[in-house]
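Enquirer: Give me coordinates for this.
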Amino acid sequence: MEQIALTLAAKQTVHPIYVGAQAHASLHEWADLSCKTLILTDDGVPRAHVEAIASQCSNPVIMTVLQGEGAKSFSVFSDVCEMLLSHKFGRKDLLISVGGGVIGDLGGFCAASYMRGIRFINIPTTSLSQIDSSIGGKTAINVHGVKNIVGAFYQPELVIVDPDFLHTLPRRHLNNGLVEAVKAGLIADSALFDLFEQENPYDHLTEIIKRSLHVKQHVVENDPEEKGLRKILNFGHTIGHGVESVYGLSGLLHGEAVAVGMMPMLGSDSLRERVARVFEKIEIDPYKPYDVPQVLEAATRDKKAQGDTVSIIVVNEPGEAIIESISFDRLAQIMREGHQ
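Expert: Sure thing, here's the model as predicted:
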């Protein structure tokens, strides 16, 4: 078992992240579960995972929502708040998210908003959420098809990352999360990218998760509210979020869209070839065609946009990321040409 301590100096707080096989079974050792506890999950999470958490709580209430991005809505947000209110939850009570990134985002935003903040624990069950979205404190819901446009920074008091949960994931969803690990290697950990190039990544999932979390830990500790350095975590997301906004409802997954968004932001043909080979190993197509005007329009509504410009992240060599601000005309050119 490894403990990663996310330390936010400005707030003088420490948020532990426990990583290891069967880590979820030790939740009661790390958190006070004697209060009222709402366990928020979705119908895609195996019931055994949820029951394993509920069995450790003194007064659990389980709320299950429908799986998918549709749960990140004002309607479902309201339903969760009504559930908390109807069970008379107070500020010292607890909300635990058990699920993927959608449940983590939704649960975190509900915890941040209800009574201006109640206790929150995140237990991610997908590769995407374990590798990336479960730490950092970003919480959000979607509005009118725009991803994560309403939200808050709200750090969970702890996160439990149990790689055993990934055994129940379909291969496509496992690969979806591995894209974010490839991203972590490209922006800040060349050894992690080397692992993807030289080894079978499926044989090294726990190491990949830990290395990815260490990348995010370093970035978030130095820029908890995304005012500078943390923007590098958005590598591939400027175009990727646009692609996801346009094609997500037709079944394209987040990581698949981000992979498409990463390729034009690589600084050379040789690096694009290397990254494409890595994506082939994890069964990801980074060259899916998309409608440039539609995706560009979606990108203009993204929170990374500032007036007529938008931030992009460029990687020239694995482990080295550069933040640039460009016009939307330039972004359109990059999208059409497939490179900078």
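Enquirer: which residues does residue 335 contact?
Expert: Neighbour list for residue 335: 239, 264, 292, 295, 296 [criterion: C-beta atoms under 8 Å, 6 or more residues apart in numbering]. In this view, the C-beta of every residue, glycine as well, is placed from N, C-alpha and C.
Enquirer: go with 10 Å
Expert: 238-239, 242-243, 260-261, 264, 290-293, 295-296, 299 (C-beta atoms under 10 Å, 6 or more residues apart in numbering).
Enquirer: Would you mind giving the domain segments of this structure?
Expert: 2-168, 178-337 (automatic domain parsing).
Enquirer: Need these in TSV (columns: mean pLDDT).
Expert: Formatted as TSV, those follow (pLDDT from 0 to 100):
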stretch	mean pLDDT
domain 2-168	95
domain 178-337	93
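Enquirer: Reformat the contacts of residue 335 as JSON lines; add neighbour count, secondary structure and distance to residue 98.
Expert: What follows is those, written out as JSON lines (neighbours: other C-beta atoms under 10 Å; DSSP: H, G, I helix; E, B strand; the rest coil; distance: C-beta to C-beta, whole Å):
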{"residue": "238", "neighbour count": "24", "secondary structure": "helix", "distance to residue 98": "31"}
{"residue": "239", "neighbour count": "28", "secondary structure": "helix", "distance to residue 98": "31"}
{"residue": "242", "neighbour count": "28", "secondary structure": "helix", "distance to residue 98": "30"}
{"residue": "243", "neighbour count": "27", "secondary structure": "helix", "distance to residue 98": "29"}
{"residue": "260", "neighbour count": "28", "secondary structure": "helix", "distance to residue 98": "30"}
{"residue": "261", "neighbour count": "27", "secondary structure": "helix", "distance to residue 98": "29"}
{"residue": "264", "neighbour count": "22", "secondary structure": "helix", "distance to residue 98": "36"}
{"residue": "290", "neighbour count": "18", "secondary structure": "coil", "distance to residue 98": "33"}
{"residue": "291", "neighbour count": "14", "secondary structure": "coil", "distance to residue 98": "36"}
{"residue": "292", "neighbour count": "16", "secondary structure": "helix", "distance to residue 98": "39"}
{"residue": "293", "neighbour count": "9", "secondary structure": "helix", "distance to residue 98": "40"}
{"residue": "295", "neighbour count": "24", "secondary structure": "helix", "distance to residue 98": "33"}
{"residue": "296", "neighbour count": "20", "secondary structure": "helix", "distance to residue 98": "37"}
{"residue": "299", "neighbour count": "25", "secondary structure": "helix", "distance to residue 98": "32"}
